[in-house]
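Undergrad: could you work out the structure for the sequence below:
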Amino acid sequence: MFKNKNSNDKIDIEQVNESVNLLNRILKIMFIVLIIVAIMIITFVVKEWKVLYFISTLLKILIPLFIGIFIAWLFNPIVKFLTKHKFNRTIATILVYILFIIILSLFIVYSVPVVTNQINEFVNIFPKISESLTITLDKFIKFLEPILGNRTQSIRTELYESIITIGKNITIGLPDKVINIVTSIVSGLGTFLIGLFIGLYMLLDFDNVSKALVNLLPYKLREDARNLMDIANQTLVNYVQGIILTTALVWLGNSIGFSLAGLEAPILFALFCGVTNIIPYVGPYIGGVPAAIVGFTQGTTTGIFVVISLVVVQLLDNVIFTPLVQSKNLKLHPVTIIISLLIFGHFFGILGMVLAVPVIATIKTIFVYFNTKYEFIKLNEEIEEEVSTQSKKESKNANK
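TA: From the prediction side, this is the model:
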């Protein structure tokens, strides 16, 4: 078949290569078709068997367990620190829990009434803000009238109607939404308390719980599981603890700045800035734009000082807060973060954007660990060295 026409004994290499290349193309096409068919089958099964509904129901039932695991995981480093300083683990756990409950209670007692008053204040002043915004837009439209031409009046009408609609939604809908949120929090209080007790029992014996989970795996997989848990755990602990502190610092900084600027409802806008700051890159803009708009509707001076406050606090966050609090960088490329934000935001909304960075960082850690061990692809030596060093540190800490 592959013999040269000029010689009966020699094989035609070119023909063999062409046949091999053709076979490779066919195999690639078959592989792609197989993947598409598999996706279609999985999608059909998920839809017909209502797998997602079952999973969502199961997750709702297990929410107290997840809350308990998260609390135990978050406080375990503090308990470990106390046990190293001659505290009994039970006493250390109880002390940490008492401190947590005191801080949480003080936060609720002092912040909820303040935020409620700020919301009422904002609702009351919104008609004034709406009027100022209408006047500003009217001036802007008049300035653009030579460009807009015949469409000026229709654009003006649409903008005014939008402002009126937004005003109605805020003045009528915002208090209702707040009431719904408070109702949800109160109804979820029982779930949180159950999770709190689960977290207490898990924290009392956290290391043994982790060992028990690892021991459920086959013996050959246990070492990798321990190493991955240690590396991913350190990455996530640093990230979560850092996020909590930086959020509080941004909230405090903007509260002071907005109050000095004379912004109405400063604590409410500062809280929004602190929460949205969790989202990398886009978060500060999401949180800062409403405050700046309201500031400029109150007056040019107020708007300028609000913007200055936003810029100063964001610079402090980028230069001091985040590097100081989050001692270990997640080392994710900006493009990777942006793509993960777009994907997670599309499928899971704001919550997805909040979870995007830690999830991607954990996936990266797992991939780099296995790649360092099995050498799937060649990575930067610094990355491999970093994972190897971190793995050794975590194994030493575990042995201690």
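
Undergrad: which helices and strands does the strand or helix carrying residue 238 pack with?
TA: For residue 238, the host element (DSSP states H and E) is helix 219-261. Using 3 or more Cβ pairs under 8 Å, 6 or more residues apart in numbering; DSSP states H and E, the elements in contact with helix 219-261 are helix 63-84, helix 206-215, helix 266-276, helix 283-298, helix 300-316, helix 322-325, helix 334-374, helix 381-399. Every residue, glycine included, has its C-beta placed from N, CA and C.

Undergrad: what angle do the longest one and helix 219-261 make?
TA: If I follow you right, that is helix 334-374. 160 degrees (axes from the mean of the first three to the mean of the last three Cα atoms, to 10 degrees).

Undergrad: in TSV, list the helices and strands packed on helix 219-261 along with mean neighbour count and distance to residue 249.
TA: Formatted as TSV, the helices and strands packed on helix 219-261 follow (neighbours: other Cβ atoms under 10 Å; distance: least, Cβ to Cβ, whole Å):
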stretch	mean neighbour count	distance to residue 249
helix 63-84	17	18
helix 206-215	14	28
helix 266-276	23	8
helix 283-298	20	13
helix 300-316	18	8
helix 322-325	15	8
helix 334-374	16	18
helix 381-399	13	27
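
Undergrad: tell me the confidence at residue 6?
TA: The per-residue pLDDT reported for residue 6 equals 54.

Undergrad: what do you get for residue 103?
TA: pLDDT recorded at residue 103 is 86.

Undergrad: just residue 320 next, same as before
TA: Reading off the per-residue confidence, residue 320 sits at a pLDDT of 75.

Undergrad: could you do residue 294 as well?
TA: Looking at residue 294, its pLDDT is 79.

Undergrad: now the one 5 residues further on
TA: Residue 299 is assigned 78 on the pLDDT scale.

Undergrad: with residue 225 instead?
TA: Residue-level pLDDT assigned to residue 225 equals 81.

Undergrad: tell me how many other residues surround it.
TA: For residue 225, the neighbour count with other Cβ atoms under 10 Å is 16.

Undergrad: contacts only, for it.
TA: 214, 217 (Cβ atoms under 8 Å, 6 or more residues apart in numbering).

Undergrad: hmm, back to that, how about the helices and strands packed on helix 219-261 in a markdown table, adding distance to residue 192?
TA: A markdown table is the format used below for the helices and strands packed on helix 219-261 (distance: least, Cβ to Cβ, whole Å):
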| stretch | distance to residue 192 |
| --- | --- |
| helix 63-84 | 6 |
| helix 206-215 | 20 |
| helix 266-276 | 19 |
| helix 283-298 | 26 |
| helix 300-316 | 31 |
| helix 322-325 | 26 |
| helix 334-374 | 17 |
| helix 381-399 | 31 |
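
Undergrad: residue 197 is nearest to which of these?
TA: Closest to residue 197 of these is helix 63-84 (Cβ to Cβ; 7.4 Å).

Undergrad: tell me the angle of the helix or strand following that closest one relative to helix 266-276?
TA: Once the chain leaves helix 63-84, the next helix or strand it forms, by DSSP H and E, is helix 89-148. When the same axes, to 10 degrees is applied, the directions of helix 89-148 and helix 266-276 differ by 100 degrees.

Undergrad: other SSEs contacting the next helix-or-strand element following helix 89-148?
TA: Toward the C-terminal end, the helix or strand that comes next after helix 89-148 (DSSP H and E) is helix 152-168. Here helix 152-168 is seen to pack against helix 89-148 when contacts are counted using 3+ Cβ pairs under 8 Å, 6+ apart.

Undergrad: ok, residue 60 to residue 345 distance?
TA: 23 Å (Cβ to Cβ, to the nearest Å).

Undergrad: can you tell me how far the most centrally placed residue in the chain is from residue 336?
TA: The geometric centre of the chain, computed from its C-alpha atoms, lies nearest to residue 354 (Cα atoms, centre = their mean), at 1.7 Å. Spatial separation of residue 354 from residue 336 under the definition Cβ to Cβ is 16 Å.

Undergrad: how close does residue 60 sit to residue 194?
TA: For residue 60, the distance to residue 194 equals 13 Å [Cβ to Cβ].

Undergrad: I misspoke; the intended subject was residue 62.
TA: For residue 62, the distance to residue 194 under the criterion Cβ to Cβ works out to 11 Å.

Undergrad: residue 143 now?
TA: Computed as Cβ to Cβ, the residue 143 to residue 194 distance reads 60 Å.

Undergrad: follow-up on the earlier one: excluding chain neighbours, give the residue nearest to the residue nearest to the centre of the chain in space.
TA: Spatial nearest neighbour of residue 354, excluding adjacent residues (Cβ to Cβ, 6 or more residues apart in numbering): residue 278 at 5.2 Å.

Undergrad: residues in contact with that neighbour?
TA: Applying Cβ under 8 Å, 6+ apart, one finds that residue 278 lies in contact with 243, 247, 354.

Undergrad: circling back: okay, residue 60 and residue 194: which has more neighbours?
TA: Taking residue 60 and residue 194 together and counting by other Cβ under 10 Å, residue 194 has the greater number of neighbours (15 against 9).

Undergrad: would you mind confirming that residue 82 is in contact with residue 95?
TA: Yes: in this structure residue 82 lies within contact range of residue 95 using Cβ atoms under 8 Å: 7.0 Å.

Undergrad: picking that back up, name the residues contacting each of residue 62 and residue 194.
TA: Between them, residue 62 and residue 194 share no contacting residue under Cβ under 8 Å, 6+ apart.

Undergrad: angles on the backbone of residue 277, please.
TA: For residue 277, the backbone dihedrals (degrees, to the nearest 10) come out as phi -60, psi -20.

Undergrad: give me the neighbour count for it.
TA: Quick note: residue 277 (other Cβ under 10 Å) scores 25 neighbours.
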